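*Asks:* requesting a structural model of the entry that follows:
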Amino acid sequence: MTPGEVVAKTVGAEEISASAIRRYVEAHEMRCPLYSDEATARAHGHDSVIAPWSMLLTAAMPAYWEPGQEPLPPGALPPFMWTKLDLPGTEMVTTSVDLEFLAPLRIGDRIETTYRIVRTTPKTTRVGEGVYVDFELEFHRQDGTLVAVERTSIYSYTPFGSAS
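*Replies:* Residues are numbered from 1 along each chain as shown. Down below sits the predicted model:
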């Protein structure tokens with residue numbers, strides 16, 4: 001793992017749709033008319049309703065499972081890319097997440113994500129010995145427009161007193 005290295009690229013499981021926006025907005029009781037009213041969205045310069053920013057990570061997530069695959073085990077976690085890297089340690093915790101939103105999420109967008117390592121820092125902490133890994137994720141729509149950037153840090157470690 002070297003700084004600047006692209007460690008993964010993923011594509012969201014499906015395009016953002018009007019029905020997905022409606023279900024999301026309803027479940028979260030979001031009252032912003034940009035998410036539900038065509039006329040309001042158009043009056044603010046959009047072609048149609050837009051998706052709430054908080055839908056980004058859901059829209060960017062690749063499929064957990066596809067037909068023909070073995071069933072997921074109980075307690076299966078989302079397919080976070082850093083869990084697939086060969087990091088030292090037996091445990092992992094996210095220590096920070098920062099999102100910067102740059103362009104609206106639109107109906108028809110399919111989000112592509114590029115995962116890049118920014119920095120690795122070996123560190124012994126009170127909980128164990130491991131490495132901090134800082135990632136930068138770029139989220140693009142299919143036309144190449146950068147819609148958001150996420151900066152995430154994780155600490156991958158082996159707890160003190162555990163068998164390595």
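*Asks:* output the below-cut-off pLDDT ranges for this protein.
*Replies:* Confidence mapping of the chain against pLDDT under 70 gives the ranges 1, 163-164.
*Asks:* how about the helices in it?
*Replies:* 18-28, 38-43, 56-60 (DSSP state H).
*Asks:* in stretch 21-38, what counts as buried?
*Replies:* For stretch 21-38, a neighbour-count test (16 or more other C-beta atoms under 10 Å) marks I21, Y24, V25, L34, Y35, S36 as buried. Every residue, glycine included, has its C-beta placed from N, CA and C.
*Asks:* for K84, see how far away the closest residue to T90 other than its chain neighbours is.
*Replies:* With C-beta to C-beta, 6 or more residues apart in numbering as the criterion, T90 has its nearest non-adjacent residue at 5.2 Å, and that residue is T158. Separation of T158 from K84 (C-beta to C-beta, to the nearest Å) stands at 18 Å.
*Asks:* between those two, point out the one with more neighbours.
*Replies:* Neighbours per residue, other C-beta atoms under 10 Å: of T158 and K84, the larger number sits with T158, 16 against 11.
*Asks:* E129 is in contact with that one, correct?
*Replies:* Yes: with contact defined as C-beta atoms under 8 Å, T158 counts as touching E129 (5.9 Å).
*Asks:* and for these two, which residues touch both?
*Replies:* Listed as contacting both T158 and E129 by C-beta atoms under 8 Å, 6 or more residues apart in numbering are G89.
*Asks:* centroid residue for the chain?
*Replies:* Residue closest to the mean C-alpha point of the chain, counted by C-alpha atoms, centre = their mean, is L57 at 4.1 Å.
*Asks:* how close does the residue nearest to T90 sit to R151?
*Replies:* Per C-beta to C-beta, T158 is found 25 Å from R151.
*Asks:* if anything else comes up later, I'll come back, but that's it for now.
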